[in-house]
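*Asks:* sequence and predicted structure are below.
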Amino acid sequence: MKDGVLFGNWYWYLKALTIFSLLSLPIMHGNKIWIDVVCIFVCYFLFGVLWKYGGEIGAILCMEHATCYFPFFSLGLLTRKYSRLQKLMKSDALFAISIVGYVSLFFSTCDIHILNTLSNRFLLPVCAIVVAFNTLSKMDHKQSKILQGLEYFGNNSLQVYLFHYFFVLFVNIHIMWIWGMDNDNNLFMHLCVLMMSIVIAALSISVGELLKYSKYISKLIYGK
């Protein structure tokens, strides 16, 4: 792998997350949802402009990824800030709509590229987020091992961000064809990727915990 490709693509998610976090500061201190939404749309528009026309600056700032993931960051930001959005996300009506929407979009295709992109990059993930949020919010935290596991991964997400890349480098998705992943079975592919993601996340956290035993490395990486 060429150095330019390797180092050029490393940790784009940390760059994007830093930009998102800085932009979230004024949004978190506002008290009107419509102003927050306008700010989010303006930021999203600027990301898109920099991605398409920003050239080298847009590439360095990872504007393509920022444009792709900022809507989901914003959804989480607004849901955390406004209780009425949390109530909406937990509502049975939205839960039912999201399930029907996800299944319909998952098994449908369209010849128009922009509609396929909108479905796969935005509508499907939003439906999945609503279903997951609604389901998990109704589970008993103390009794649910799933929730405790997700909370553990969430609390250690920085370590996953930092170290997962080294494990992803060794994943050869083409080997999965032996298991039948070349038969267009999207559900099977999603399940396999989910299992690999869990394993990689667990390994990343384990490496992070080991490095914390060195106070010098811990200071260098985590700042503490």
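*Replies:* Yes, it's here.

*Asks:* what's the separation between Ile40 and Tyr216?
*Replies:* The gap separating Ile40 from Tyr216 is 40 Å, by CB to CB, to the nearest Å. Every residue, glycine included, has its C-beta placed from N, CA and C.

*Asks:* settle it for me: which of the two has more neighbours?
*Replies:* In this view Ile40 and Tyr216 are compared by other CB atoms under 10 Å, and Ile40 has more residues nearby, 20 against 8.

*Asks:* the more buried one reaches Ser24, doesn't it?
*Replies:* No - between Ile40 and Ser24 there is no contact under CB atoms under 8 Å: 9.6 Å.

*Asks:* which elements pack onto the biggest helix by length in the chain?
*Replies:* Ranked by residue count, the top helix of the chain under DSSP state H comes out as helix 186-211. When contacts are defined as 3 or more CB pairs under 8 Å, 6 or more residues apart in numbering; DSSP states H and E, helix 186-211 packs onto helix 145-155, helix 157-168, helix 215-222.

*Asks:* now it: average pLDDT?
*Replies:* Across helix 186-211, pLDDT averages out at 85.

*Asks:* does the nearest residue to Ser119 once chain neighbours are set aside sit in a helix, a strand or a coil?
*Replies:* With CB to CB, 6 or more residues apart in numbering as the criterion, Ser119 has its nearest non-adjacent residue at 5.0 Å, and that residue is Leu105. Here Leu105 is helix, with the state taken from DSSP: H, G, I helix; E, B strand; the rest coil.

*Asks:* my guess is Asn116 meets Cys110, correct?
*Replies:* Yes - using CB under 8 Å, Asn116 is in contact with Cys110, at 5.2 Å.

*Asks:* the bottom helix or strand of this protein by mean pLDDT?
*Replies:* Lowest mean confidence among the helices and strands of the chain (mean pLDDT, DSSP states H and E): helix 3-9, at a mean of 45.

*Asks:* would you tell me what the next helix or strand after that helix is?
*Replies:* Next helix or strand after helix 3-9 toward the C-terminus (DSSP states H and E): helix 12-28.

*Asks:* dump that following helix to CSV, keeping only the CA atoms.
*Replies:* Written as CSV, here are the backbone C-alpha positions of helix 12-28 (Å, rounded to 0.1, in the frame of the first residue of the first chain):
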residue,chain,number,x,y,z
TRP,A,12,-10.3,10.7,8.7
TYR,A,13,-13.1,10.0,11.3
LEU,A,14,-11.1,11.8,14.0
LYS,A,15,-10.8,14.8,11.7
ALA,A,16,-14.5,14.8,10.9
LEU,A,17,-15.4,14.2,14.6
THR,A,18,-13.3,17.2,15.6
ILE,A,19,-15.0,19.4,13.1
PHE,A,20,-18.4,18.1,14.2
SER,A,21,-17.6,18.7,17.9
LEU,A,22,-16.5,22.2,17.3
LEU,A,23,-19.6,23.0,15.3
SER,A,24,-21.8,21.5,18.0
LEU,A,25,-20.6,24.0,20.7
PRO,A,26,-22.9,26.9,19.6
ILE,A,27,-25.7,24.5,18.8
MET,A,28,-25.7,23.0,22.3
